[in-house]
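> Sequence plus predicted model, see below.
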Amino acid sequence: MALLPLLYYPDPKLHTVAKPVQAVDARIRNLIGDMLETMYDASGIGLAATQVDVHERLIVIDISEHRNSPLVLINPEIVWASPEKQVSDEGCLSVPGIYDGVERAAAVRVTALDRDGRSRTIEAQGVLAVCVQHEMDHLLGKVFVEYLSPLKRNRIKTKMLKARRETVRA
Ligand code: GNR
Ligand code: NI
């Protein structure tokens, strides 16, 4: 297993649209292990392959308190979304230190392959619904800050670029 380097907003590579995983083979299972390790190391509740510069439809999630209930979704598709919405504060490992409210469907039903390549359907609500939608947006090249106003987004962009310049200089 290995820690994978993350992409940080506003890296244009975060806007790449991921392609379906063609086969759940040893390469993909290895990537899943590395993504889980990277997510746990960063104390995140989810990670999309896009964030580690792999542009295939794969996400890992763990919203459990004890960090011992990994959920792996390969080629996920939202087959139903509730008309009810919920607004919650979101953050992103690719936009460190920024948290803001985003409105999303309150519940979703998702089909995906698991790490054994078996098809499954999950129903999500609450934090899991937020996380699944946030991760699936990454696979479409979308970062949560794109739901914020252009003013907020530009402030975030400037702040991230400045923080990066200071890290590079240090
Ligand atoms: O760790 C994360 N926390 C989080 C909090 C609220 C809404 C979404 C998230 S996902 C984020 C990890 C991440 O960036 N996944 O793409
Ligand atoms: Ni994210």
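Yep, it's here. Ligands and ions are numbered 1, 2, ... in the order given.
> all helices for this protein, in order.
26-41, 126-139, 150-169 (DSSP state H).
> Tabulate the ones you listed (a markdown table), appending mean neighbour count and mean pLDDT.
In this view, the C-beta of every residue, glycine as well, is placed from N, C-alpha and C. Shown next, in a markdown table, are the helices of the chain (neighbours: other Cβ atoms under 10 Å; pLDDT from 0 to 100):
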| stretch | mean neighbour count | mean pLDDT |
| --- | --- | --- |
| helix 26-41 | 17 | 98 |
| helix 126-139 | 21 | 98 |
| helix 150-169 | 12 | 94 |
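> closest to ligand 1 out of those helices?
Closest to ligand 1 of those is helix 126-139 (Cβ to the nearest ligand atom; 4.3 Å).
> neighbours around Ala23, how many?
By other Cβ atoms under 10 Å, 8 other residues sit near Ala23.
> quick one, what contacts it?
Contacts for Ala23 (Cβ atoms under 8 Å, 6 or more residues apart in numbering) come out as Gly117.
> Would you list the phi and psi of it?
phi -150, psi 130 (degrees, to the nearest 10).
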